[in-house]
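Q: Sequence first, then the predicted structure, then my questions.
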Amino acid sequence: MKNHLSLVSKLDGVDSFIVPLSTCQDFCKYYDFHVCYWLNNPHKDYKNPRLMYIRNLRLMRSSNFVKVLSNEILRANCRKFRFFSGGQTETVEQLENILKICKICHQTKFAIMINADWQIQALIKSGYEIPKNANLLLSNYIPNSKTPDFIKNHLIKYNIGVTQTTLIKKLSNCEASMIKNGTCGTCEKCYNVKDITFKIHGRSNEKRIKDYEER
Ligand code: SF4
């Protein structure tokens, strides 16, 4: 049986599901500015991660997705799980399938981060209820940009949170991102908290973002 899960060392070995960046890059300024974490740090745990992500995408598009992935997560017996360390869902139907998997694997805590605001809006419109063990977060696709309060206040009514990034350390509430090569340790904010700010690392990333902001 083929495995579709990745262990992400930055997250202290939390299991994760990753699909190619082709699913998120078109809507994302991190990709355009070469600030995207996965673009600069390709996954090293597998011989050919690119093939694995393509295989994962094929699965996510298939009618077997919910059954196959929930079985794998149940077998892995993990306490925490991350959708997506790279990539995202392509349609609201795929997003609903992710939430179905969370419901089936009710003993696991899920963090789900996507930047596709239209999928979140369609999900809200459909009235789909987010399972208690799933923390669905809309990622801001512009680096160093705070998500406006009106968006945050709207989403929270539906139990959906937001994430954004900053260049200013004191504005971040993610411990792992404040330290070079930092890991999550005992922090579980991604699985519970509805407003998370990650710190962007590296002088070259800072320069790329500042160059863009000054344009
Ligand atoms: S907020 Fe906490 S759980 Fe999320 S990435 Fe940062 S350290 Fe890890």
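A: All right, it came through fine.
Q: which helices and strands does the lowest-mean-pLDDT helix or strand in the chain pack with?
A: Least confident helix or strand, the chain: helix 37-40 with a mean of 70, by mean pLDDT, DSSP states H and E. Packing partners of helix 37-40 (3 or more C-beta pairs under 8 Å, 6 or more residues apart in numbering; DSSP states H and E): helix 29-32. For the C-beta atoms, the positions are set from N, CA and C on the backbone; glycine is no exception.
Q: how far out from the middle of the chain is the helix it packs on?
A: A distance of 15 Å separates the C-alpha centroid of helix 29-32 from that of its chain, computed with C-alpha atoms, centre = their mean, to the nearest Å.
Q: Go through that helix and flag the buried ones.
A: For helix 29-32, the buried set under the neighbour-count rule, 16 or more other C-beta atoms under 10 Å, comprises 29, 30, 31.
Q: Turn those residues into CSV, including distance to residue 52 and pLDDT.
A: Output for the buried residues of helix 29-32, formatted as CSV (distance: C-beta to C-beta, whole Å; pLDDT from 0 to 100):
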residue, distance to residue 52, pLDDT
29, 26, 87
30, 22, 85
31, 20, 83
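Q: between those, which is nearest residue 82?
A: Nearest to residue 82 out of the buried residues of helix 29-32 is residue 30 (C-beta to C-beta; 17.0 Å).
Q: I'd guessed the closest one sits against residue 143; true?
A: Yes. With contact defined as C-beta atoms under 8 Å, residue 30 and residue 143 form a contacting pair (5.6 Å).
Q: what do those two both touch?
A: Taking C-beta atoms under 8 Å, 6 or more residues apart in numbering as the criterion, residue 30 and residue 143 do not both touch any residue.
Q: follow-up on the earlier one: could you dump the buried residues of helix 29-32 to a markdown table with distance to the ligand?
A: Below are the buried residues of helix 29-32 laid out as a markdown table (distance: C-beta to the nearest ligand atom, whole Å):
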| residue | distance to the ligand |
| --- | --- |
| 29 | 20 |
| 30 | 16 |
| 31 | 20 |
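Q: Low-confidence ranges, the chain, go.
A: 1-2, 9-10, 40-47 (pLDDT under 70).
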